[in-house]
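Asker: got a structure for you, letters missing:
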Ligand code: DQA
């Protein structure tokens, strides 16, 4: 079971800065993640929140709820949320950070991730495909332990 978390403003996918994030919606993204999960033989649960505390609590509860791994796009929280960083580092599930846009090619404040350092790795700039690649990796490592 993989938990896919999307943070602030990702509910606006499709209408928000389409030149940066594309025309597909959050629902399209979540449907794609569920179908990629089915291909990989794993159940995927997707959640989105504009509130830092919800994301933190979902991370706290993930292992107890039976999840084996987490994919997270923390949105702008990536760049400043030490609380989210601490939530990720305070639990044992493998986590991969994903960004739809290439954050390193954008404003300098987006070049900093305070969360990536406590994740297994970070995928940025590959659009929705980044979520699939993150899940492929997590299925592989979760099957090994
Ligand atoms: C984002 C990049 C962040 O800088 C931004 O604040 C987002 C989306 C991405 O997926 O490219 O909300 O995480």
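Answerer: That came through, no problem. Everything numeric here is computed off the predicted structure, so don't read it as measured data.

Asker: okay, and residue 96 sits in which element?
Answerer: strand 95-99 (DSSP states H and E).

Asker: tell me the strands beside that strand, with direction?
Answerer: Each strand paired with strand 95-99, and its direction, by DSSP bridges: strand 69-73 (parallel), strand 121-124 (parallel).

Asker: now it: how far from the chain's centre is it?
Answerer: Relative to the chain's own centre, strand 95-99 is displaced by 5 Å; criterion: C-alpha atoms, centre = their mean, to the nearest Å.

Asker: run through the neighbouring helices and strands of the one helix or strand in the chain whose mean pLDDT sits lowest.
Answerer: Every helix and strand in the chain was compared by mean pLDDT, DSSP states H and E; the lowest is helix 129-144, with a mean of 93. Contact analysis of helix 129-144 by 3 or more C-beta pairs under 8 Å, 6 or more residues apart in numbering; DSSP states H and E lists strand 2-6, helix 26-40, strand 69-73, strand 95-99, strand 121-124 as its packing neighbours. Quick note: C-beta positions are derived from backbone N, CA and C, even for glycine.

Asker: okay, now the unreliable bits of the protein?
Answerer: Along the chain, the parts satisfying pLDDT under 70 run over 144-145.

Asker: what does this protein put close to the ligand?
Answerer: 9, 73, 75, 76, 78, 99, 100, 101, 103, 110 (C-beta under 6 Å from any ligand atom).

Asker: test my guess that the third one contacts residue 8.
Answerer: Put plainly, it is residue 75. Yes: assessed by C-beta atoms under 8 Å, residue 75 is found in contact with residue 8 at 4.3 Å.

Asker: ok, back up a step: quick one: buried residues of the strand holding residue 96?
Answerer: Within strand 95-99, the residues that count as buried by 16 or more other C-beta atoms under 10 Å are 95, 96, 97, 98, 99.
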